[in-house]
Every structure is written in structure tokens, then in C-alpha cells.
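Asker: Structure of the sequence below:
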Amino acid sequence: MTTGEKGKMLKVLDSGYFVMVDTEKVKKTDAVDLDENNSRIFTYVIMPRLGKNLDKVFKKRKAQFTKEQVCSLGIQLVSILE
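Answerer: This is a model prediction of the structure:
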């Protein structure tokens with residue numbers, strides 16, 4: 001847990017990764033050699049929602065964020081997860 005805006009404790013409920021395999025690009029065998037050509041790795045973090053919903057803000061702004069806003073959001077997310 002880390003302390004976020006206004007002293008609220010932010011809790012990571014779950015985190016991890018999963019692999020999506022392009023079944024059209026792999027041979028149908030028991031063992032599959034995964035690489036960047038036939039699979040993608042995704043990571044996720046599940047946290048309780050506090051405050052504004054970023055998706056609603058994005059839609060309200062007609063899918064427009066400046067480069068500065070994206071960088072600011074990224075910095076805030078990284079500092080929350082540290």
C-alpha cells in the first residue's frame with residue numbers, strides 16, 4: 001500500500017501478467033515456442049477506484065490529451081505504484 005492524494009491509502013488488489021498467443025502463427029503441438037512474432041505479453045494492476053474515472057475524463061475531452069497531460073498521468077501512476 002502507498003499513500004496517494006489527500007493521504008488516502010491506495011491498495012493493489014492484484015497484479016500480474018498474461019500471454020496472448022496468435023494461434024494462427026503457432027504449430028499445433030504440445031510445446032509452443034513463444035516469441036514476439038506469435039505472442040504478446042500483457043501486464044495488469046487491479047486497484048480500487050478513487051476519485052475521477054480517467055475513461056470518462058478522456059471521453060469528455062473528446063479523446064484528446066496533450067503530451068504533457070499523458071506524461072503527468074504516467075508520473076502519477078508510477079509514483080502510486082512505487
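
Asker: got any ranges where the protein has weak pLDDT?
Answerer: Counting by pLDDT under 70, the chain contains low-confidence residues at 1-10, 30, 50-51, 82.

Asker: let's see it at 80
Answerer: Along the chain, the parts satisfying pLDDT under 80 run over 1-12, 23, 26-34, 47-54, 77, 79-82.

Asker: Remind me which helix or strand the residue lying farthest from the centre of it belongs to.
Answerer: Relative to the centre of the chain, and counting by Cα atoms, centre = their mean, the farthest-placed residue is Thr29 at 31.3 Å. Using DSSP states H and E, Thr29 sits within no helix or strand.

Asker: ok, so what distance separates it from Asn37?
Answerer: To Asn37, Thr29 is 16 Å away according to Cβ to Cβ, to the nearest Å. (Each C-beta comes from the backbone N, C-alpha and C, glycine too.)

Asker: what's the answer for Pro48, then?
Answerer: Relative to Asn37, and taking Cβ to Cβ, Pro48 is found at 37 Å.

Asker: Could you do Thr66 as well?
Answerer: 34 Å.

Asker: residues near Ser72, how many?
Answerer: 12 (other Cβ atoms under 10 Å).

Asker: Give the buried residues for the longest helix seen in the chain.
Answerer: Taking DSSP state H as the criterion, the chain has its longest helix at helix 67-81. By neighbour count with 16 or more other Cβ atoms under 10 Å, helix 67-81 contains the buried residues Ile80.

Asker: distance between that helix and the chain's centre?
Answerer: Chain-centre distance of helix 67-81: 12 Å, with Cα atoms, centre = their mean, to the nearest Å.

Asker: Kindly report the same for stretch 74-82.
Answerer: With Cα atoms, centre = their mean, you get 12 Å for stretch 74-82.

Asker: For the protein, which residue occupies the most central location?
Answerer: The residue lying closest to the centre of the chain (Cα atoms, centre = their mean) is Tyr44, at 5.0 Å.

Asker: Identify the residues contacting Val19.
Answerer: By Cβ atoms under 8 Å, 6 or more residues apart in numbering, the residues touching Val19 are 34, 39-42.

Asker: That'll do, ta.
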